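Colleague: what would the 3D arrangement of this be:
(one chain, ligands or ions: 1)
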Amino acid sequence: MRSICRPLLAALLSCAPLLPAAQGNDVPPTDGAALLKWLQAGSYRQWPKESAPHRSLGPHPTQVIAYLNPPLDRSLAAKAAAHPKGSAAVKELLDGGGKLSGWAVSVKTSADSDGGKGWYWYEILGTQAGSRVVAQANGVPLCFGCHTPGRDFVLIEHPLK
Ligand code: HEC
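Modeller: Okay, here's the model as predicted:
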């Protein structure tokens with residue numbers, strides 16, 4: 001027994017550092033101030049995203065481009081009826097000249113969407129502290145009301161265009 005276990009254990013231990021670390025940056029913080037800093041840092045730009053900005057079908061100003069974190073992207077690809085806790089989307093809001101002018105964010109904070117209350121909603125019209133914050137809470141009716149027809153409150157077409 002020992003002769004089998006020893007090498008197995010050694011192999012497991014040596015592999016551990018190669019396993020992907022818990023991807024902390026993949027779930028945005030759900031505190032307004034921390035989230036703004038996280039957005040400014042821009043790590044979400046490595047997520048799966050739309051290939052180009054397009055006009056929003058919703059009320060989000062002019063051009064938008066959506067980014068989905070890997071758990072949400074996988075869940076949409078699997079056509080899951082409900083997305084896992086930690087699913088998140090970031091939508092960049094661009095002004096007429098294509099310049100970044102704000103963000104809309106949704107983060108699933110519990111396994112149960114609870115009619116929209118299981119999602120944290122955030123929108124800021126501007127990119128700096130002091131810009132107008134439209135929403136920053138779980139269950140904001142303005143946001144989830146319009147997102148209700150989506151797939152577990154997510155509206156963007158998938159596969160991403
Ligand atoms: C009048 C309808 C409407 C309202 C209100 C609305 N949205 Fe959206 N939202 C959309 C549509 C439509 C999309 C799909 C992309 C597009 O066309 O803009 C979208 C996409 C998004 C996305 C990208 C992920 C997804 O679900 O597709 C986020 C994040 C988002 N909205 C956040 C918010 C937040 C936060 C609020 C509240 C401040 C909000 N939305 C209010 C219609 C709406």
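
Colleague: gap between the spatially most central residue of the chain and residue 97?
Modeller: The centroid of the chain falls nearest to residue 88 when counting by CA atoms, centre = their mean (2.2 Å). According to CB to CB, to the nearest Å, residue 88 and residue 97 sit 27 Å apart. Backbone N, C-alpha and C define where each C-beta goes, glycine included.

Colleague: just the pLDDT for residue 69.
Modeller: What the model reports for residue 69 is a pLDDT of 98.

Colleague: correct me, but it touches residue 46?
Modeller: No: Residue 69 lies out of contact with residue 46 (CB atoms under 8 Å); the separation is 9.8 Å.

Colleague: okay, these two: which has more neighbours?
Modeller: Just comparing residue 69 and residue 46: by other CB atoms under 10 Å the higher neighbour count belongs to residue 69, 24 against 12.

Colleague: please list all residues in contact with the more buried one.
Modeller: 26-28, 44, 47, 86-89 (CB atoms under 8 Å, 6 or more residues apart in numbering).

Colleague: and residue 29, by the same measure?
Modeller: 35, 38.

Colleague: surely it forms part of a strand?
Modeller: No: under DSSP: H, G, I helix; E, B strand; the rest coil, residue 29 sits outside any strand and is assigned coil.
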